[in-house]
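Chemist: with the sequence up front, the predicted model follows.
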Amino acid sequence: MYRGAFLVVAACGFRGPGLAGDGGRPDDGTAAVDAQPTIDAAPDAPPCTQHPSATPTAGGAVGGGGGSQQPAIACAGNGIPVGLAIDVTQAPLGNHNNQTGVVAIHVRCGTLVGTTTFLGELLTSPGGTTTNCMPYFAPVQSAEMLCPPGAAIVAIDGNELDVSLYNSVVVSCSDGTKLPFPTTGAYTNLPQHAACAAGTAVVAFDVRAGCGQDQLALECAALTCQ
């Protein structure tokens with residue numbers, strides 16, 4: 001703020017009426033009045049951390065009702081999911097509409113502080129939890145895709161193979177960015193859209209799995225700046 005004041009004075013060549021070049025005494029002999037000091041504005045508050053509320057709500061799901069319930073994918077502390085990597089079968093599954101399907105997901109956690117994301121742990125929810133799963137392995141893993149700094153996951157689009165499993169994944173972030181996963185295919189026979197309500201974001205995932213990942217469900221909550 002001092003700098004701005006000095007720049008204005010220098011640019012205008014401001015001296016004030018009646019000032020002589022004698023150290024600032026007025027020509028009429030009266031005492032010079034010292035300039036009042038400039039007071040800096042209060043410093044900006046530090047960026048706050050986004051805290052997920054303690055009462056998440058369901059935000060829909062992609063996939064179907066096959067497999068069995070698996071442990072939820074939930075980040076520690078104030079972390080929330082901010083990115084994914086996805087494993088998918090190498091070959092189409094003859095018993096599931098002859099399409100490739102998701103086998104496992106890897107969820108990157110992150111803490112949102114202002115417009116910055118501090119990345120945390122990578123959590124994996126695998127398939128292959130039953131016998132006779134050889135057609136599902138070894139899967140192809142996508143590149144890890146992350147929402148931009150300061151943004152959270154708010155929706156996932158996918159396609160259900162038949163009555164279970166999913167593929168053709170696109171993640172939507174809170175800033176409007178979309179993250180497609182080309183390795184998961186581009187099938188459109190049973191498109192699905194799972195989304196959090198306005199003003200909320202994904203804070204955890206519920207998973208059903210058998211040989212592959214049968215269903216991915218969103219848990220959503222408001223984020224509070226603290």
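Modeler: That came in fine, so what should we check first? Note that the structure is a prediction, hence the values are computed from the model and not measured.

Chemist: name the residue closest to the centre of the protein, please.
Modeler: Nearest to the mean C-alpha position of the chain, by C-alpha atoms, centre = their mean, lies Ala152 at 2.4 Å.

Chemist: how much space between it and Ser164?
Modeler: Distance of Ala152 to Ser164, computed by C-beta to C-beta, to the nearest Å: 28 Å. Just so you know, the C-beta spots here come from the backbone N, C-alpha and C atoms, and that holds for glycine as well.

Chemist: related to what we said a few turns ago, just give the nearest non-adjacent residue to the residue nearest to the centre of the chain, would you?
Modeler: Spatially, and ignoring its direct neighbours in sequence, Ala152 is nearest to Ala201 (3.7 Å; C-beta to C-beta, 6 or more residues apart in numbering).

Chemist: doesn't that neighbour fall inside a strand?
Modeler: Yes. Assignment of Ala201 by DSSP: H, G, I helix; E, B strand; the rest coil places it within a strand.

Chemist: what pairs with it across the strands?
Modeler: Bridge pairing for Ala201 (DSSP bridges) gives the partners Ala221.

Chemist: and it, how many neighbours does it have?
Modeler: Using other C-beta atoms under 10 Å, Ala201 is surrounded by 26 other residues.

Chemist: mind listing what it touches?
Modeler: Counting by C-beta atoms under 8 Å, 6 or more residues apart in numbering, Ala201 makes contact with Pro52, Ile80, Ala152, Ile153, Val154, Ser174, Cys220, Ala221, Leu223.

Chemist: for it, give its distance to Gly63.
Modeler: As judged by C-beta to C-beta, Ala201 and Gly63 stand 20 Å apart.

Chemist: and for Cys109?
Modeler: Taken as C-beta to C-beta, the span from Cys109 to Gly63 is 22 Å.

Chemist: one more: Gln70?
Modeler: 12 Å.

Chemist: which residues are common contacts for those two?
Modeler: Listed as contacting both Gln70 and Gly63 by C-beta under 8 Å, 6+ apart are Arg208.

Chemist: neighbour-wise, which of these two wins?
Modeler: Gly63 (29 against 19).

Chemist: return the set of residues that bridge with the more buried one.
Modeler: Gln215.

Chemist: residue contacts, it?
Modeler: By C-beta under 8 Å, 6+ apart, the contact set of Gly63 is Val102, Gly158, Glu160, Ser164, Leu165, Tyr166, Gln192, Arg208, Gln213, Asp214, Gln215, Leu216.

Chemist: again, 10 Å this time
Modeler: Counting by C-beta atoms under 10 Å, 6 or more residues apart in numbering, Gly63 makes contact with 101-102, 158-161, 163-167, 190, 192, 194, 207-209, 212-217.

Chemist: among those residues, which are located in strands?
Modeler: Among the contacts of Gly63, DSSP state E puts 102, 158-160, 166-167, 192, 194, 207-209, 213-217 in strands.

Chemist: roughly how far does the residue nearest to Ala152 sit from Arg208?
Modeler: From Ala201 to Arg208 the distance is 22 Å (C-beta to C-beta).
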